[in-house]
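> just a sequence and a predicted model for now, questions to come.
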Amino acid sequence: MNKFKLILAFSFWALLTAISCNRDDINFESPSELLRFSQDTLFLDTVYNQVRSETYAVKIYNNEDKDVMIPKISLEKGASSLYRINVDGKAGTDFTDIPLRKKDSLYIFVEIAPIANATEAIAEDRIQFQTPAGSQHVTLFSVVQDAEFYIESKTNPNILTSNTTWTNNKAKIIFGNLTVEAGKTLDIQKGTKIYFHKNSGLKIEKNGKLNVNGDLGEEVIFRGDRNDTRYDTIPKNWQGISMDTNSTLNMNYAKVFGGTVGLEMNQTTASIDNSIFHTHQEFGILAINSNVTAKNLVMNNSGEANFGIFKGGTYNIIHSTLANYWNLNSALPGLGLYATNEYTNGTTTEQGALNLNIRNSIIYTDSDNAVLFKPTAGQTFNYTFQNSLLKYGSGATYNVDVGSIKNQDPKFQNYFTQKMNLRLKEDSPAKGKGNVGVAATVPLDIVKVSRTVTPSMGAYQ
């Protein structure tokens, strides 16, 4: 037995020695060709003052048929750079004699944790590569925003206890929930950007007020804090905005996207103008027994429905485009509009009367039904469709006026969320088919084009 253990130990050490000898035998030469990179410019997403970015990577390739030693890899700005890199498992700003096997590759990982010196600034640097074959570089580029943080914790309930105004001088970053205390007002000025960490949201308590005062080209942005463009079309990056009983919302020129429910209103009085909601896991807007007027509202890409109405209420949707091309989870219906008299709150089902008016609007999806109504026996369920383009299939029958259009493709210029151009093509059946009297109440479309003559259905003239 002891003899067997001795032989086994000797074999093990012999194997280690052989491996060690093989490694020592590798002969790294100076590169005689230029290196190849996976990209020559690395765009990091927008980052915030003193907040570390995600980790990004650039790949270096050795196309030569020999093992090479790269003499130097470094950041052009050295230790003063806002960036940090990791080369072959080592972090720093300056590296020498980096081995790279023939026909092999090597990752360089990149991060930035900047200090903002202005409201918005550009952070640029280069990763320099020096070899006998020549000098090369990969450009690093990021936008840095100054930011104001609202962080919920056990010791900080994160509540705005007085009337507050936000301006666009700093981005607002919210961790956890930020609550506007009952009866207080939050005013958000044009161009302000509000970013939410995962599972975070904005809550307006009872009798509170939210005023969103954007403008064309200076919209107020509500989104998740992951700024890389791939997150523009991914839902559930944050929770959403919730409005409690008897709260008031005035929203003009806002963009709300990437949440679970973009906007949830419970017995809220709301005016929503010139705003875009897209890419929400459940609803773009969920309204419970509320009083809502929406004009030039654009919606797309919501799992349950763009606009969900529960427990009745009064709703006027005018010159709006509710398109839904949801394709992230086929188990969800992806409706344009859903309305019912009922709402289940915990174990209690509550009911209310509904009055719904859809005028000069488009409600369209690529599934059979864009509109689904579930009226409750014994409850008022009034609705009007005037000069609107609707899609609904077999099993659905709605009363529509003679100016409305059923089941014709509105021919959007580009309905994919990555582009989200829901303007109408010139041969769209919705072009010039709106009611002139209704258009006079909303004389400009969402991009401030006049629609007083031959108005088109939807938010875009």
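Everything's here; your move.
> and residue 73, what are its bridge partners?
Residue 73 forms beta bridges with residue 95, residue 129, as assigned by DSSP bridges.
> and stretch 134-153, how far out from the chain middle?
Remark: stretch 134-153 is offset 18 Å from the chain centroid, using CA atoms, centre = their mean, to the nearest Å.
> what about it, how long is it end to end?
Start and end residues of stretch 134-153 are separated by 53 Å (CA to CA, to the nearest Å).
> for that stretch, buried residues please.
Buried residues in stretch 134-153, defined by neighbour count with 16 or more other CB atoms under 10 Å: 136, 138, 140, 142, 144, 145, 146, 147, 150, 152. C-beta: built from backbone N, CA, C; applies to glycine.
> ranges for the helices of the chain?
Applying DSSP state H to the chain gives helices spanning 2-24, 436-441.
> weakest of these by average pLDDT?
Mean pLDDT values for the helices of the chain show the minimum at helix 2-24, a mean of 47.
> settle this for me: residue 316 is touching residue 357, isn't it.
Yes. Residue 316 lies in contact with residue 357 (CB atoms under 8 Å); the separation is 4.9 Å.
> which stretches of the stretch 51-200 of the chain have low pLDDT?
Along the stretch 51-200 of the chain, the model assigns pLDDT under 70 to residues 116-120.
> one more time with 90
Along the stretch 51-200 of the chain, the parts satisfying pLDDT under 90 run over 51-54, 79-80, 82, 88-89, 112-123, 141-147.
> now swap in the stretch 251-400 of the chain and tell me
The stretch 251-400 of the chain contains residues with pLDDT under 90 at 345-347, 367-368, 393-397.
> in this structure residue 339 contacts residue 374, no?
Yes. Using CB under 8 Å, residue 339 makes contact with residue 374 at a distance of 7.3 Å.
> which one's more surrounded, the two?
Ranked by neighbour count (other CB atoms under 10 Å), residue 339 and residue 374 place residue 339 first, with 23 against 11.
> who's that one bridged to?
Beta-bridge pairing of residue 339 under DSSP bridges involves residue 309, residue 373.
> what's near enough to touch it?
Residues near residue 339 by CB atoms under 8 Å, 6 or more residues apart in numbering: 308, 309, 354, 356, 372, 373, 374, 381, 383.
> and it, how far is that from residue 73?
To residue 73, residue 339 is 61 Å away according to CB to CB, to the nearest Å.
> now do residue 252
For residue 252, the distance to residue 73 (CB to CB) stands at 50 Å.
> ok, these two, which is more surrounded?
Using other CB under 10 Å, the more surrounded residue of residue 252 and residue 73 is residue 73, with 26 against 20.
> pull the contacting residues for that one.
Counting by CB under 8 Å, 6+ apart, residue 73 touches 85, 87, 94, 95, 98, 108, 127, 128, 129, 130.
> got those as TSV, with neighbour count and distance to residue 233 columns?
Below are these laid out as TSV (neighbours: other CB atoms under 10 Å; distance: CB to CB, whole Å):
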residue	neighbour count	distance to residue 233
85	24	29
87	20	33
94	13	39
95	19	37
98	19	37
108	22	28
127	24	30
128	15	35
129	23	34
130	15	40
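> can you tell me which of those lies nearest to residue 366?
Nearest to residue 366, judged by CB to CB, of the contacts of residue 73 is residue 108 at 42.4 Å.
> wait, the closest one touches residue 83, no?
No. Applying CB under 8 Å, one finds residue 108 not in contact with residue 83, separated by 10.7 Å.
> for residue 200, what are phi and psi?
Phi and psi for residue 200, reported as degrees, to the nearest 10, are phi -100, psi 160.
> quick one: contacts for it?
By CB under 8 Å, 6+ apart, residue 200 lies in contact with 152, 174, 175, 176, 177, 178, 238, 239.
> and if we set it to 6 Å?
Neighbouring residues of residue 200 by CB atoms under 6 Å, 6 or more residues apart in numbering: 174, 175, 176, 238.
> what's the closest of those residues to residue 453?
Distance to residue 453, by CB to CB, is smallest for residue 238 among those, at 41.4 Å.
> correct me, but residue 326 touches residue 334?
Yes. Counting by CB atoms under 6 Å, residue 326 does reach residue 334; the two are 3.3 Å apart.
> residues in contact with stretch 103-120?
For stretch 103-120, using CB under 6 Å, 6+ apart, the contacting residues are 44, 47, 49, 52-53, 55-62, 82-87, 100, 123, 142, 144-146, 169.
> what subset of those residues is buried?
Neighbour-count burial (16+ other CB under 10 Å) applied to the contacts of stretch 103-120 gives 44, 47, 49, 53, 56, 58, 60, 62, 82-87, 100, 123, 142, 144-146.
> which ones among those residues lie within strands?
47, 56, 58, 60, 83-87, 100, 123, 142, 144-145 (DSSP state E).
> closest to residue 226 out of the residues you listed?
residue 47 (10.8 Å).
> against residue 70, how distant is that closest one?
Distance, residue 47 to residue 70, using CB to CB: 28 Å.
> for residue 438, same thing?
Using CB to CB, residue 438 is found at 68 Å from residue 70.
> who has more neighbours, residue 326 and residue 334?
More crowded of residue 326 and residue 334, by other CB under 10 Å: residue 326, with 25 against 22.
> quick one: residues contacting the more buried one.
Residues counted as contacts of residue 326 (CB under 6 Å, 6+ apart) are 301, 303, 334.
> can you lay out those as a markdown table showing distance to residue 461?
As requested, the contacts of residue 326 are exported to a markdown table (distance: CB to CB, whole Å):
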| residue | distance to residue 461 |
| --- | --- |
| 301 | 23 |
| 303 | 30 |
| 334 | 27 |
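> out of those residues, which one sits closest to residue 321?
Checking the contacts of residue 326 against residue 321 by CB to CB gives residue 301 as the nearest, at 12.5 Å.
> is it true that the closest one touches residue 280?
No. At 7.5 Å, residue 301 does not count as touching residue 280 under the criterion of CB under 6 Å.
> more crowded one of those two?
More crowded of residue 301 and residue 280, by other CB under 10 Å: residue 280, with 29 against 25.
> who does the more buried one form a beta bridge with?
Going by DSSP bridges, residue 280 is paired in beta bridges with residue 302.
> who touches it in this structure?
Taking CB under 6 Å, 6+ apart, we find residue 280 in contact with 235, 259, 262, 302.
> a markdown table for the ones in strands among the buried ones among the contacts of stretch 103-120, including distance to residue 404?
Putting these into a markdown table (distance: CB to CB, whole Å) gives the following:
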| residue | distance to residue 404 |
| --- | --- |
| 47 | 48 |
| 56 | 50 |
| 58 | 54 |
| 60 | 60 |
| 83 | 57 |
| 84 | 59 |
| 85 | 60 |
| 86 | 60 |
| 87 | 64 |
| 100 | 66 |
| 123 | 52 |
| 142 | 49 |
| 144 | 50 |
| 145 | 45 |
